[in-house]
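Participant: A predicted structure for the sequence below; I have some questions about it.
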Amino acid sequence: MSRRCDICGKGPMSGNKVSKAYNHVRRTWKPNIVEVKTEIDGTTMTLKLCTRCLRSGYITKKV
């Protein structure tokens, strides 16, 4: 499954995990992606959204 939001385009980020001894290890941060059924122009679609976009009200869930 693609880890990219269909609305804002948010995707995985990479960086370093830094320990207390200041050791650096590469790691990734993944966005919280959920699959949501929604209705756009009378058509039911399944979109992959980050929870921030879902909470902001860009898309309304079809219940």
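Facilitator: In hand now; what should we look at?

Participant: where are the low-confidence patches of the chain?
Facilitator: Along the chain, the model assigns pLDDT under 70 to residues 1.

Participant: And the strands in it?
Facilitator: Taking DSSP state E as the criterion, the chain carries its strands at 13-18, 24-29, 33-40, 43-50.

Participant: so what strands line up beside the first one?
Facilitator: Sheet partners assigned to strand 13-18 using DSSP bridges are listed as strand 24-29 (antiparallel).

Participant: now could you export just the CA positions of the partner strand as CSV?
Facilitator: Output of strand 24-29 as CSV, limited to C-alpha atoms (Å, rounded to 0.1, in the frame of the first residue of the first chain):
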residue,chain,number,x,y,z
HIS,A,24,22.8,8.3,15.2
VAL,A,25,20.8,5.6,13.5
ARG,A,26,18.7,6.2,10.3
ARG,A,27,15.0,5.7,10.7
THR,A,28,11.7,6.6,9.0
TRP,A,29,8.5,8.3,10.2
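
Participant: what's in contact with that strand?
Facilitator: In this structure, residues lying in contact with strand 24-29 by C-beta atoms under 8 Å, 6 or more residues apart in numbering are 12-19. For glycine as for every other residue, the C-beta is placed from the backbone atoms N, C-alpha and C.
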